[in-house]
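Undergrad: sequence and predicted model, in that order:
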Amino acid sequence: MTDKKLKKQAFTFLLLMGIVSLLADMTYESARSLIGPYLLFLGDSAN
C-alpha cells in the first residue's frame, strides 16, 4: 500500500467518524430538548 493511499484512507476514516459523531450528537441533543415538553404533556415535571 502506498503512503498516499494510506493517508487518503486515514483521512476518509476520520471524516466518516466525524460525521457519525455529529449525527449522534444531533440526535442526543434533540432528544434532550424534547424531553421537557413531552413530560409536561404527560403531566409530569422535568425536574
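TA: Sure thing, it's come through. Numbering: from 1, shown residues only.
Undergrad: how about the contacts made by residue 16?
TA: Contacts for residue 16 (C-beta atoms under 8 Å, 6 or more residues apart in numbering) come out as none. Every residue, glycine included, has its C-beta placed from N, CA and C.
Undergrad: so it versus residue 7, what's the distance?
TA: When distance is defined by C-beta to C-beta, to the nearest Å, residue 16 is 15 Å away from residue 7.
Undergrad: what does residue 17 give?
TA: Residue 17 is 16 Å from residue 7, by C-beta to C-beta.
Undergrad: same question for residue 24.
TA: Distance, residue 24 to residue 7, using C-beta to C-beta: 26 Å.
Undergrad: low-confidence stretches in the chain?
TA: Where the chain drops to pLDDT under 70, the residues are 45-47.
Undergrad: 80 instead, please
TA: 1, 45-47 (pLDDT under 80).
Undergrad: next up, the contacts around the residue nearest the centre of the chain.
TA: For the chain, the residue sitting closest to the mean C-alpha position, by C-alpha atoms, centre = their mean, is residue 24 at 1.8 Å. Applying C-beta under 8 Å, 6+ apart, we find residue 24 in contact with no residue.
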